[in-house]
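>>> generate a structure from the sequence data that follows.
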Amino acid sequence: MGKGLFEKVQGEGEDVVLLHGLFGQGSNLQSIARALESDFRVHSVDLPDHGRSPWSAAPSIDVYAEALDAWMTAQGLQNAHVLGHSLGGKVAMALALQRPERVNRLVVADIAPVNYAPSHDAVFQGLRAVASEECVTRKQAGKVLEDFIEEPSVRQFLLLSLVREEGAKTFTWRLNHEALAEAYPSLLLGLTSNTPCERPTLFLRGALSDYVGSDDLPVIERLFPYFRLSTLAGAGHWLHVEAPKVFNEEVLAFLKGSNAPQP
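Model prediction:
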């Protein structure tokens, strides 16, 4: 499955792989991709069960990390810098722990390698409702989502994954939402490893987000001992959207060699 992951490539130089969050797609990270393309060859990848990538039978962090590893082999990428946001950050961390030779420098955006409580039940209900409604317009789908999701920005984010294939009358999700809903508890689990990852790692968190707290730092330090943590003022979980200038500057400086913890 990993060999067929969809990607958008831009720029020239050392390879950087960008991994989006749950319900997203590679294009969600276009701001940082554009900031990096002058110095790097940037691969914006759709994770399995998202965007234009194949669907898996049983989604999990390990399955996604293995798919990414297989995709890198198919692309002839021996290693790369890897940046992941939210779910993509967990996948990036899993790859770095399981196959450290694949990762040069690691950037993890607003996620920690710890257990999380469920928080997306309403989203899954909305996705299922839109699918059963067989919507013929995007506006109709948006109205269905209003019954489940209050925030307009979240509804607009989800609608990016709603498409009408050529010749079809109704819209469908580019999300394997039923399998993702079934696998959701496993996607919330923390990461474990007997061997820490000794790659330089940058953790970025939003000051207004509760995804990476002080209680998580001992776990981060145990698994990623050569890490640096940076908190972006005024940003929440979507820190790459809410504070793009600072986010892009931090990532670019880290990948180009400054402010990187060294073994």
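>>> my read is that Val244 contacts Ser31, right?
No, residue 244 isn't Val; it's Pro. Yes. Distance between Pro244 and Ser31: 4.8 Å, which falls inside the contact criterion (Cβ atoms under 8 Å). In this view, the C-beta of every residue, glycine as well, is placed from N, C-alpha and C.
>>> name the element the closest residue to Val241 other than its chain neighbours belongs to?
Distances taken as Cβ to Cβ, 6 or more residues apart in numbering place Ser31 nearest to Val241, at 7.3 Å, with adjacent residues excluded. If you go by DSSP states H and E, Ser31 is part of helix 30-36.
>>> do the same with Ala131
For Ala131, the host element (DSSP H and E) is helix 121-133.
>>> before we move on, back to that, direction included, what does the helix or strand just after the helix holding Ser31 pair up with?
Going down the chain from helix 30-36, the next helix or strand is strand 40-45, by DSSP H and E. Sheet pairing here is set by DSSP bridges, and for strand 40-45 it gives strand 7-10 (antiparallel), strand 14-19 (parallel).
>>> ok, back up a step: what separation do you get for the residue nearest to Val241 and Lys90?
Going from Ser31 to Lys90 by Cβ to Cβ, to the nearest Å gives 21 Å.
>>> okay, the two: which has more neighbours?
Neighbour tally, Ser31 and Lys90, criterion other Cβ atoms under 10 Å: the higher count belongs to Lys90, 28 against 14.
>>> now the more buried one. Nearest residue, chain neighbours left out?
Among residues not flanking Lys90 along the chain, Ile61 sits closest, at 5.3 Å (Cβ to Cβ, 6+ apart).
>>> hmm, that neighbour is touching Leu191, no?
Yes. Using Cβ under 8 Å, Ile61 is in contact with Leu191, at 7.2 Å.
>>> joint contacts of these two?
Between them, Ile61 and Leu191 share these contacting residues under Cβ atoms under 8 Å, 6 or more residues apart in numbering: Lys90, Ala94.
>>> now do the helix or strand hosting Val91: distance to the chain's middle.
Element membership for Val91 (DSSP H and E) is helix 87-98. From the chain centre to the centre of helix 87-98 is a distance of 10 Å (Cα atoms, centre = their mean, to the nearest Å).
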